[in-house]
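Engineer: Predicted model and sequence follow; I will ask about them next.
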Amino acid sequence: MSSNTPDPITLSLFSNRFISCAEAMSKSLEQTSISTNIKERLDFSCAVFSPIGDLIANFPNIPVHLGKILYFSLRLSDPDISAIKYQLNLHKNDLRPGDVLLTNSPIAGGSHLPDITIITPCFDKATNEIIFFTASRGHHSDIGGILPGSMPPNSTSLEEEGAEIVSFKLVQNGRFDSETLYDLLVTQPSKVEGSSGCRNFKDVQSDLKAQVSANHKGIQLLHLLCKEFGLSMVQEYMYHIRNNAEYAVRNLLKTVARSTGRTTLSATDYLDDGSPISLTVKIDEIHGSAVFDFNGTGPELRGNLNAPISVVHSAVIYCARSMLGVDIPLNSGCLAPIDIIIPEGSLLSPSPEAAVCGGNVMTSQRVVDVVLKAFEACAASQGCCNNVTFGAGGKDPITGEIKPGWGYYETVAGGSGATKDQDGVSGTHVHMTNTRITDPEILERRYPILLRRFEFRRGSGGVGKHRGGDGVIREYELMQPLQLSILSERRVTRPYGLHGGGDAQPGLNLWLKQPKKKAISSGSNTDKPRIINLGGKASAKMSKGDVFILLTPGGGGYGHPSEATDDAPSRASLGLTEDFTPRGSVFERHSLAASSA
């Protein structure tokens, strides 16, 4: 690496060229995948890495993916090894052109098991040495486990959540190994008591091939970049980009210490079961470094809200990048000035056998809330991903026969927290997730679901000088019997307000259970649907005609309401125009019925 000061224009050029490589990978994956979750909801991330495994640039789809590609730990004394380095340590000199690696294990930089990472080494054509890595991580809608969708709300061990793969050469010498992949995703998980293997193997295999193709697209562009500027210059600026991010974060930490007059910050928030997540930040104002100490956090949980250490790294690197006032790519330099201490055996550093599917999508959001609360950056956002899964098929519990099936998974938006300068945003994904919602037409065409309602949950955001954003209401009617699961948080502990701002409304999950035919014919009081509160985490076998109503949390308010110029949210702030009218399949169905009467 050169010690020369980088030219700022050239630095910006290379920064954007690396980002464009990741963006092209992302577009390729979107266009060639087939599952709703990856193709429509864009639940994936693509990135470019140095030959030693440092993140250079990414296309910012899902923030929670990136720290987990960056960091993992088998021991708390060794936290700074990347997921790429983990694979390098396993395979050492065993990688050749035409090889592609697959992993999803939490001990190897993974998050929860549905997030499968594909890693491809990029070789110098002259020396045959590895000069870069490209990687893509996608959430696959089913990889086995005790329930369709592989996000069981009641899991108590990792093996109940589906297939775990520490490392596997998915492609070797250019050959895609479908046979071993089938064994890992279908045969092995079905051996666990009460579990099935992957219920839609063909879809998962197709999406994995799309990830391999996306990685190859990135490698092609990296070769073109090296051909244009030369490998030496490209790698020199690769390290300058990392150092620039480190410099920006050090300046941020110095600014926080000077502007607040404090070098120690702290915050605590609680999961719905009462488990605390505590943080103390100690800033070295001279060097612009900090220690993020999570001592005081609760112990490992029997449920699945345990978060691998990599999730904490994801949350911290996201917060550090979000609080910067400069436009730089998120990369490994953002964490260089920060040491992270996590108590072993806590819910943020669980045992390898612990269930973790909820930690990735719930606990990650709560860690972000705690970090931003410590820095007083904004009020709490919805603090939840509102994970809805439904599906059918898998291993018959009586006969053991594996029946073809399917699984669907989506996360649903809520409100974002207000800041000292502006209101929160309504109906948006926040912080660690950034997926789209499936279009109603696609949802209803591909799955036996009628979307009855999808609208803002007005008044659910916290009041204040600046109001928190509102959550949403999403209502599903089942057109055939299905297993439906909900994994959610902020159903008890409300998203907090800051500096006098009000807390937001918590979320709510309701099941409208249709009466049995006998009750209807008897004319009893049971001829109306039962309204059942499912709680934050539940799974139920629902019947045709049953309705699931999801009400997501809002965001907290900022500042005392008396300072507000207008307490009432305008239609514009809710995203509505004055000529807004209802649309969608239910509206159209009712309109057709009225016109035919």
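Structural biologist: That came in fine, so what should we check first? Everything quoted here is computed from the prediction, not taken from an experiment. Numbers count the residues shown, from 1 in each chain.

Engineer: going forward, measure contacts between C-alpha atoms and count neighbours the same way
Structural biologist: Fine.

Engineer: Show me how the record splits this protein into domains.
Structural biologist: Annotated domains of the chain cover 8-241, 380-597 [automatic domain parsing].

Engineer: least reliable of the ones you listed going by mean pLDDT?
Structural biologist: Out of those, domain 380-597 stands lowest, with a mean of 85 (criterion: mean pLDDT).

Engineer: Quick one: distance of it to the chain centre.
Structural biologist: Centroid displacement of domain 380-597 relative to its chain, using C-alpha atoms, centre = their mean, to the nearest Å, is 18 Å.

Engineer: related to what we said a few turns ago, same list as before, the domains of the chain that is, but in CSV and with mean neighbour count and distance to Gln365 included.
Structural biologist: What follows is these, written out as CSV (neighbours: other C-alpha atoms under 10 Å; distance: least, C-alpha to C-alpha, whole Å):
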stretch, mean neighbour count, distance to Gln365
domain 8-241, 21, 9
domain 380-597, 20, 5
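
Engineer: Provide the secondary structure category for Leu330.
Structural biologist: coil (DSSP: H, G, I helix; E, B strand; the rest coil).

Engineer: where exactly do the strands run in the stretch 201-350 of the chain?
Structural biologist: For the stretch 201-350 of the chain, the strands defined by DSSP state E, counting those that start in this stretch cover 264-270, 276-284, 289-293, 338-341.

Engineer: and the first one, what other elements does it pack with?
Structural biologist: Think strand 264-270. strand 276-284, helix 364-374 (3 or more C-alpha pairs under 8 Å, 6 or more residues apart in numbering; DSSP states H and E).

Engineer: Just give the strands next to the first one in its sheet, each with its orientation.
Structural biologist: Here strand 276-284 has these sheet partners by DSSP bridges: strand 264-270 (antiparallel), strand 289-293 (antiparallel).

Engineer: For the last one, which outside residues touch it?
Structural biologist: Applying C-alpha atoms under 8 Å, 6 or more residues apart in numbering, the contact partners of strand 289-293 are 250, 253-254, 279-284, 337-342.

Engineer: quick revisit: deepest in the core, which of the helices and strands packed on strand 264-270 is it.
Structural biologist: helix 364-374 (a mean of 25; mean count of other C-alpha atoms under 10 Å).

Engineer: Counting by contacts, list what it packs against.
Structural biologist: strand 264-270, strand 276-284, helix 309-322.

Engineer: tilt between that helix and helix 309-322?
Structural biologist: Calculated by axes from the mean of the first three to the mean of the last three C-alpha atoms, to 10 degrees, helix 364-374 forms an angle of 40 degrees with helix 309-322.

Engineer: Show me the one of the domains of the chain that comes nearest Val326.
Structural biologist: domain 8-241 (12.3 Å; C-alpha to C-alpha).

Engineer: Distance from the chain centre to the closest one, please.
Structural biologist: 15 Å.

Engineer: Please identify the next secondary structure element, helix or strand, after the host helix or strand of Phe454.
Structural biologist: Assigned by DSSP states H and E, Phe454 belongs to strand 449-457. Under the assignment DSSP H and E, the closest C-terminal helix or strand after strand 449-457 is strand 471-478.

Engineer: what's that following strand in contact with?
Structural biologist: Contacts of strand 471-478 (C-alpha under 8 Å, 6+ apart): 382, 413-415, 426-428, 448-458, 460-461, 542-555.

Engineer: Could you do stretch 264-283 as well?
Structural biologist: Contacts for stretch 264-283 (C-alpha under 8 Å, 6+ apart): 253-254, 257, 263, 289-299, 363, 366-367, 369-371, 373-375, 489-493.
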